[in-house]
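J.: how would this look folded up:
(one chain, ligands or ions: 1)
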Amino acid sequence: MSFPTTRLRRLRRTTTLRGLARETRLDLDTFVQPLFVCPGEGVRQPLDGLPGMMQLSVDETVREAEELRSLGVRAILLFGVPEAKDDAGTGAWATDGIVQRALRALTASDPGIGLLTDVCLCEYTAHGHCGVLEDGEVANDATLALLARTAVSHVEAGADVVCPSDMMDGRVAAIRAALDDAGRERAPIVSYAAKYASAFYGPFRDAAGSKPSSGDRRSHQLDPANIREALRECEQDLEEGADAIIVKPALAYLDVIRAVRERFDAPVWAYNVSGEYAMVKAAAATGWLDERQAALESLTAIRRAGADVVISYWTKDLATWL
Ligand code: PBG
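T.: The predicted structure is shown next:
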């Protein structure tokens, strides 16, 4: 049936009709807000490349979590900005590490919000790499034990979910085994399985102080040109025991989200990363586009591509927009 019998504009004429015809909806239950925890007290340090985001001290993280919860946000993802760094990234798994302290304070205040943590060494190593170095290269197997230790320390401090973002081979299996050995078999692993070596992490690395002092992350993160390899990463992580998998970044990789969604039945998450957020913020600041509209369109596109859950710096705004 074609025009004039069929007129696709009929269902677009009013807000009500458009609402009835809408195929993809945004629901706060499926969004995660990242937070950056830093040392000190009463600290709310604005971040240059991430307008609206702040480094928060532990007490302020607790306050922020309470506010997010009151707005209806269901989960936060914690990143740590430690007071000191060393070559082994000791601060990542220290019992009194910055994320561990935040987790204990959050658990004690019972904010009623899901506590997720990023598991990687890059914020804690003096050289800024995601693992320990051997002969100037990120050493895979030597890093695994440290990641596993980090994940266990997060769960013991109160994390509900750990999210390994390092891209070492075999890290999901290593973390699963360590959690199970520690009697934490109920703690899920949501792995950044398809994580690309992306320019869009720029503002985050400033925010978290995790820029590598030399070189880059191309020896472990995926080449932006590859999608079959991303599917192999997902397959491996799921075989090793990942409970859900993350595609990251999101907007330049919507085809990857779609392919992962079609290939696997496991939950697929997407990380709407710092550069994707910063670009819209910058354009909105000059008046070139409307932030709310551009953000809602971006988030809808990520969900439409097939992501079940979206990690986004807009989550708090979304709570007020919806
Ligand atoms: C690594 C990590 C990164 C991000 C999340 N976890 C940065 C990187 O791999 O260099 C980026 C997130 C963002 O850009 O919003 N721990």
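
J.: I would like the residues contacting stretch 160-171, please.
T.: Here stretch 160-171 makes contact (Cβ atoms under 8 Å, 6 or more residues apart in numbering) with 77, 114-122, 130-131, 138, 140-141, 143-144, 147-148, 151, 154-155, 172, 175, 179, 187-192, 195, 217, 220-222, 236, 240, 246, 248. Every C-beta, even on glycine, is put in place using the N, C-alpha and C of the backbone.

J.: can you narrow these to ones near the ligand?
T.: Filtering those for neighbours of the ligand using Cβ under 6 Å from any ligand atom leaves 118, 120, 122, 217.

J.: And the pLDDT at the last one?
T.: In other words, residue 217. Per-residue confidence at residue 217 stands at 92 (pLDDT).

J.: Could you look up the SS state of it?
T.: When classified by DSSP: H, G, I helix; E, B strand; the rest coil, residue 217 comes out as coil.

J.: about what we covered before: and the buried ones among the contacts of stretch 160-171, selectable in ChimeraX?
T.: Selection of buried members from the contacts of stretch 160-171 for ChimeraX, criterion 16 or more other Cβ atoms under 10 Å:
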select :77,115,116,117,118,119,120,121,122,130,131,138,140,143,144,147,148,151,154,155,172,175,179,187,188,189,190,191,192,195,217,220,221,222,236,240,246,248
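
J.: Show me the contacts of stretch 160-171 that map onto strands.
T.: Using DSSP state E, the members of the contacts of stretch 160-171 that fall in strands are 77, 114-119, 138, 190-192, 195, 246, 248.

J.: Now for those residues: which two are most distant?
T.: 114 and 138 (30.2 Å; Cβ to Cβ).

J.: isn't there a helix covering residue 320?
T.: Yes: counting by three-state DSSP, residue 320 is located in a helix.

J.: out of everything not next to it in sequence, what's closest to it?
T.: Leaving aside its sequence neighbours, residue 320 sits nearest to residue 71 (Cβ to Cβ, 6 or more residues apart in numbering; 6.7 Å).

J.: ditto for residue 217
T.: Per Cβ to Cβ, 6+ apart, closest to residue 217 is residue 197, 5.2 Å.

J.: returning to what we had before: out of the ones in strands among the contacts of stretch 160-171, which is nearest to residue 317?
T.: Nearest to residue 317 among these: residue 77, at 16.1 Å, using Cβ to Cβ.

J.: wait, doesn't that closest one sit right on residue 119?
T.: No: assessed by Cβ atoms under 8 Å, residue 77 is found out of contact with residue 119, at 10.8 Å.

J.: Residues contacting the top helix by length along the chain, please?
T.: Longest helix in the chain, counting residues (DSSP state H): helix 140-157. For helix 140-157, contacts defined as Cβ under 8 Å, 6+ apart pick out 88-89, 92-95, 97, 99-101, 103-104, 107, 117, 119-121, 130-132, 134, 162, 164, 166, 168-171, 174-175, 177-179, 182, 184, 187, 189, 220.

J.: now with 7 Å?
T.: 88-89, 92-93, 95, 99-100, 103-104, 117, 119, 121, 131-132, 134, 162, 164, 166, 168-171, 174-175, 178-179, 182, 184, 187 (Cβ atoms under 7 Å, 6 or more residues apart in numbering).

J.: on that earlier part again, adding pLDDT as columns, could you present the ones in strands among the contacts of stretch 160-171 in CSV?
T.: As requested, the ones in strands among the contacts of stretch 160-171 are arranged in CSV below (pLDDT from 0 to 100):
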residue, pLDDT
77, 98
114, 98
115, 98
116, 98
117, 98
118, 98
119, 98
138, 93
190, 98
191, 98
192, 97
195, 97
246, 98
248, 98
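
J.: where along the stretch 1-150 of the chain do the strands fall?
T.: 31-38, 44-46, 54-57, 75-80, 114-119, 133-134, 137-138 (DSSP state E, counting those that start in this stretch).

J.: Check which residues of stretch 284-294 are buried.
T.: For stretch 284-294, the neighbour count (16+ other Cβ under 10 Å) marks 284, 291, 294 as buried.

J.: try stretch 61-71
T.: Of the residues in stretch 61-71, those with enough neighbours to count as buried (16+ other Cβ under 10 Å) are 61, 62, 63, 64, 65, 66, 68, 69, 71.

J.: same question, stretch 127-136
T.: Applying 16+ other Cβ under 10 Å to stretch 127-136 flags 127, 128, 129, 130, 131, 132, 133 as buried.

J.: now do stretch 250-257
T.: For stretch 250-257, by 16+ other Cβ under 10 Å, it's 250, 251, 253, 254, 256, 257.

J.: OK, contacts around the fifth one?
T.: Which is residue 256. Applying Cβ under 7 Å, 6+ apart, we find residue 256 in contact with 194, 227, 230, 247.

J.: Out of the residues you listed, grab the one that's most surrounded.
T.: In terms of neighbour count, residue 247 stands highest of those at 31 neighbours, by other Cβ atoms under 10 Å.

J.: give me the element residue 271 is part of.
T.: Per DSSP states H and E, residue 271 falls inside strand 268-272.

J.: Report the mean per-residue pLDDT for stretch 10-22.
T.: Average pLDDT, stretch 10-22: 98.
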